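Novice: Have a look at this prediction, sequence included:
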Amino acid sequence: MSHVHEIVEFRVDLARGVPGEAGEYARVKVAAIAKYSPADIGYAKVRLSTDGSRLLVAHASLDVNGTQVNAEATAATYQEAVDLLHDKLQHQLVNLGR
C-alpha cells in the first residue's frame with residue numbers, strides 16, 4: 001500500500017476584496033492535490049488577489065521535498081481560478097513523480 005502524502009504547513013492569503021469563502025475553497029481544492037505528490041508537501045502557500053476589477057488571480061507555491069512547484073491561474077471568479085490552479089498543480093506534481 002502506498003503512502004498518502006500530506007501538506008505539512010498550509011497558508012492562504014486573501015487580498016482586499018476577495019471574499020472569505022474563497023480562502024476555504026482554495027484550501028480544500030489545493031489540499032486535494034497532495035495525493036498526486038511524490039512526497040509530503042512541506043508547505044503550500046496560496047494567494048488570491050484581483051487583477052483589475054474583473055479578474056481573480058490564484059497563485060500557489062509548494063515545497064515538495066525541496067523542489068519548488070509554482071502555478072498561477074486567472075479567471076472571472078475565484079472558483080474558476082482555483083479550479084484552474086488545481087489542474088495546473090496536479091499536472092506538475094504528476095510529472096514531478098515520474
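Specialist: Structure received.
Novice: looking at this, Asn70 is in a strand?
Specialist: Yes: the assignment for Asn70 (DSSP: H, G, I helix; E, B strand; the rest coil) places it in a strand.
Novice: so what's the residue nearest to it when sequence neighbours are not counted up against?
Specialist: Excluding the flanking residues, the one nearest Asn70 by CB to CB, 6 or more residues apart in numbering is Ser61, at 5.2 Å. In this view, the C-beta of every residue, glycine as well, is placed from N, C-alpha and C. Taking CB atoms under 8 Å, 6 or more residues apart in numbering as the criterion, Ser61 is in contact with Ala44, Lys45, Gln68, Val69, Asn70.
Novice: element containing Ser61, please.
Specialist: According to DSSP states H and E, Ser61 maps onto strand 55-64.
Novice: same check, this time on Glu80
Specialist: helix 78-96.
Novice: For that helix, which helices and strands make contact with it?
Specialist: helix 20-31, strand 41-51, strand 55-64, strand 67-75 (3 or more CB pairs under 8 Å, 6 or more residues apart in numbering; DSSP states H and E).
Novice: Looking at those, which is nearest to Leu89?
Specialist: Nearest to Leu89 among the helices and strands packed on helix 78-96 is strand 67-75 (5.0 Å), distances taken as CB to CB.
Novice: Pull the residues that contact the closest one.
Specialist: Taking CB under 8 Å, 6+ apart as the rule, strand 67-75 contacts 51, 55-63, 81-85, 88-89, 92-93, 96.
Novice: Buried ones among these?
Specialist: Buried members of those, counted by 16 or more other CB atoms under 10 Å: 56-60, 62-63, 81-85, 88-89, 92-93, 96.
Novice: tell me how far stretch 62-76 is from the chain's mean position?
Specialist: 6 Å (CA atoms, centre = their mean, to the nearest Å).
Novice: Same check on stretch 18-32?
Specialist: 9 Å.
Novice: With only the CA atoms kept, save it in PDB.
Specialist: Presented in PDB, the C-alpha positions along stretch 18-32 are these (Å, rounded to 0.1, in the frame of the first residue of the first chain):
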ATOM      1  CA  VAL A  18     -11.600  38.700  -2.200                       C
ATOM      2  CA  PRO A  19     -14.400  37.000  -0.200                       C
ATOM      3  CA  GLY A  20     -13.500  34.900   2.800                       C
ATOM      4  CA  GLU A  21     -15.200  31.800   1.500                       C
ATOM      5  CA  ALA A  22     -12.600  31.900  -1.400                       C
ATOM      6  CA  GLY A  23      -9.900  31.000   1.100                       C
ATOM      7  CA  GLU A  24     -11.700  27.900   2.300                       C
ATOM      8  CA  TYR A  25     -12.500  26.900  -1.300                       C
ATOM      9  CA  ALA A  26      -8.800  27.200  -2.200                       C
ATOM     10  CA  ARG A  27      -7.700  25.300   0.900                       C
ATOM     11  CA  VAL A  28      -9.900  22.300   0.000                       C
ATOM     12  CA  LYS A  29      -9.000  22.300  -3.700                       C
ATOM     13  CA  VAL A  30      -5.300  22.600  -3.100                       C
ATOM     14  CA  ALA A  31      -5.200  20.100  -0.300                       C
ATOM     15  CA  ALA A  32      -6.800  17.600  -2.700                       C
END
